[in-house]
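Peer 1: Coordinates for the following, if possible.
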Amino acid sequence: MAHRAHVADTVAMVFPYLTRDTMTQPGTPAPVGGADLHYRQALDQGRFLIQRCTSCDRAIFYPRMVCPHCGAGEQQLAWEQPSGHGTVYSTTVVRRKPEAGGDYNVALIDLAEGVRLMSRVEGIAPAEVRIGMAVQTKIVTQDGGPLVVFTPEGGRHDGFR
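Peer 2: Here you go, the predicted structure:
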């Protein structure tokens, strides 16, 4: 038990906005500001955006205040709408009882711009999602908010563009 208290204290020092209450209460929203706020506001408007560093010309996702590649500051991070084309890098099926909503997939998607994000592929059975499958972005509403998901590109399921 003492170890748990130590971990909670350490997390609180590193992430001061997290309190014991927010760490233990399910559904407590994370604080939103800066780059995350900009990203979420665009998503609310139906636009999926990523960042590109003007110093090293590399794409960045999840939104950051500092380029993780070269260390450039927020002033060098520009927003852009990606092409929406991607490839399934990895996928797994999460099994659930039908009354709990049934199976779904969790996938890592490599966007054409060079970033990788976690999402899911819709429009086909979860077990049909394949590594190498060409996909495209789609914004859906889930639990009252926008979410970026993917669908097979052009209806093709063979994993080739």
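Peer 1: any idea which helix or strand comes after the helix or strand bottoming out on mean pLDDT in the chain?
Peer 2: Lowest on mean pLDDT, DSSP states H and E among the helices and strands of the chain sits helix 20-24, with a mean of 41. Sequence-wise, the next helix or strand downstream of helix 20-24 (DSSP states H and E) is helix 34-44.
Peer 1: mind listing what's buried in that following helix?
Peer 2: By neighbour count on 16 or more other Cβ atoms under 10 Å, the buried set for helix 34-44 is 35, 38-39, 42-43. No exception for glycine: its C-beta is placed from N, CA and C like everyone else's.
Peer 1: what separates whichever helix or strand comes after that helix from the chain centre, distance-wise?
Peer 2: Per DSSP H and E, the first helix or strand lying C-terminal to helix 34-44 is strand 50-53. For strand 50-53, the separation from the chain centroid amounts to 14 Å (computed by Cα atoms, centre = their mean, to the nearest Å).
Peer 1: Name the strands paired with strand 50-53 and say parallel or antiparallel.
Peer 2: When pairing is defined by DSSP bridges, strand 50-53 lines up against strand 59-60 (antiparallel), strand 77-80 (antiparallel).
Peer 1: Residue 120 is nearest to which of these?
Peer 2: Nearest to residue 120 among the strands paired with strand 50-53 is strand 59-60; the distance by Cβ to Cβ comes to 21.2 Å.
Peer 1: Most tightly packed of the strands paired with strand 50-53?
Peer 2: When these are scored by mean count of other Cβ atoms under 10 Å, the highest mean neighbour count falls to strand 59-60 (a mean of 18).
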